[in-house]
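**Q** Compute the structure for the input listed below.
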Amino acid sequence: MTEKLLGSIEAGGTKFVCGVGTDNLDIIEKVSFPTTTPEETMPLVFEFFKKYNLKAIGIGSFGPIDIQKESATYGHITSTPKIAWQNYDFVGAMKKKFDLPIAFTTDVNAAAYGEYVAGCGKDLSSCVYYTIGTGVGAGAIQDGRFIEGFSHPEMGHMIVRRHSDDQFKGCCPFHDDCLEGMAAGPAIEKRAGKKGQELSEEEPIWDIEAYYIAQAAYNTTLILSPDVIIFGGGVMKQRHMLAKVHQEFEKLINGYVKTPPLKEYIVIPELDDDPGTIGCLALAKKEIEFS
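**A** Reported below is the predicted structural model:
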């Protein structure tokens, strides 16, 4: 193939999703590899991209990561619980193999950007994207720019009010009662003794789950007032969850703030499983403009 393409790496805690696409953000090929160690996973990434004529690569990585370009550790995965990846120079490793412009951000920022340019956030000025899966993370965008400062947001670790029927102590090693510790997939599994996809829609645990997710929407509404809040990730593939979140959100907000209609305001991704890949392609395209 002679056409120069954009590369995408959605580096998640469970798997790496690599893809290539066009300037129109059409995905040409997408593959995934298990996230094991840099020594095992990265050679598969390099091999995948070697067969393409690339002009830029966008990376959305699990974190925490260093996003400050003036920092000595820019492009590194930093204090991740995944021991093998701690202090890994992700961008540096890619630059050694591919001397190209490389955009680097969090995996949830990348997904947020995908929805912003081609999904639920298209033609809006702002959006917030949460992934509720193995972990919980979020990215926020205002007028095409990520909302961040000394580092990227860690909204998945906001403290939430405990549900009155929930005796679970949480599974975050850093915080009691944070959103990730109470609402991520592993929290559901530890409470129920089975994975969420094995539970019926009638299980009371879903009401508890919706209560925590609605608190994330409530806090986001009062802090950022975005045009849309998008909840993705494996937990939100339970299609009955969205209505439950809407119900809990209405109770929490209690008429204090007038939001857009909830069916348009608190939504699931329009891009299904591709927000991260499309977001990385779009960030790669944007990186060329600034390189």
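
**Q** all strands of the protein, in order?
**A** Here the chain has its strands, by DSSP state E, at 5-11, 15-21, 27-34, 54-61, 76-77, 88-89, 102-106, 126-132, 136-142, 145-146, 229-232, 266-267.

**Q** Can you lay out those strands as CSV showing mean pLDDT?
**A** Shown next, in CSV, are these (pLDDT from 0 to 100):
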stretch, mean pLDDT
strand 5-11, 98
strand 15-21, 97
strand 27-34, 97
strand 54-61, 98
strand 76-77, 98
strand 88-89, 98
strand 102-106, 97
strand 126-132, 97
strand 136-142, 97
strand 145-146, 96
strand 229-232, 98
strand 266-267, 98
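
**Q** Give the burial count for the nearest residue to Val45 once chain neighbours are set aside, as a bare number.
**A** Nearest non-adjacent residue to Val45, counting by CB to CB, 6 or more residues apart in numbering: Cys18, 5.8 Å away. (Each C-beta comes from the backbone N, C-alpha and C, glycine too.) Look at Cys18: counted by other CB atoms under 10 Å, it has 24 neighbours.

**Q** which stretches of the stretch 151-291 of the chain have low pLDDT?
**A** In the predicted model of the stretch 151-291 of the chain, residues 291 satisfy pLDDT under 70.

**Q** For Gly119, which of the strands of the chain is the nearest?
**A** Within these, the stretch nearest Gly119 is strand 229-232; the backing value is 7.6 Å (CB to CB).

**Q** tally of neighbours for the residue lying closest to Lys55 once chain neighbours are set aside?
**A** Once flanking residues are discounted, Lys55 sits nearest to Lys4: 4.1 Å by CB to CB, 6+ apart. Using other CB under 10 Å, Lys4 has 14 neighbouring residues.

**Q** for Pro173, same thing?
**A** Counted with other CB under 10 Å, Pro173 comes out at 7.

**Q** roughly how far apart are it and Ala84?
**A** Separation of Pro173 from Ala84 (CB to CB, to the nearest Å): 17 Å.
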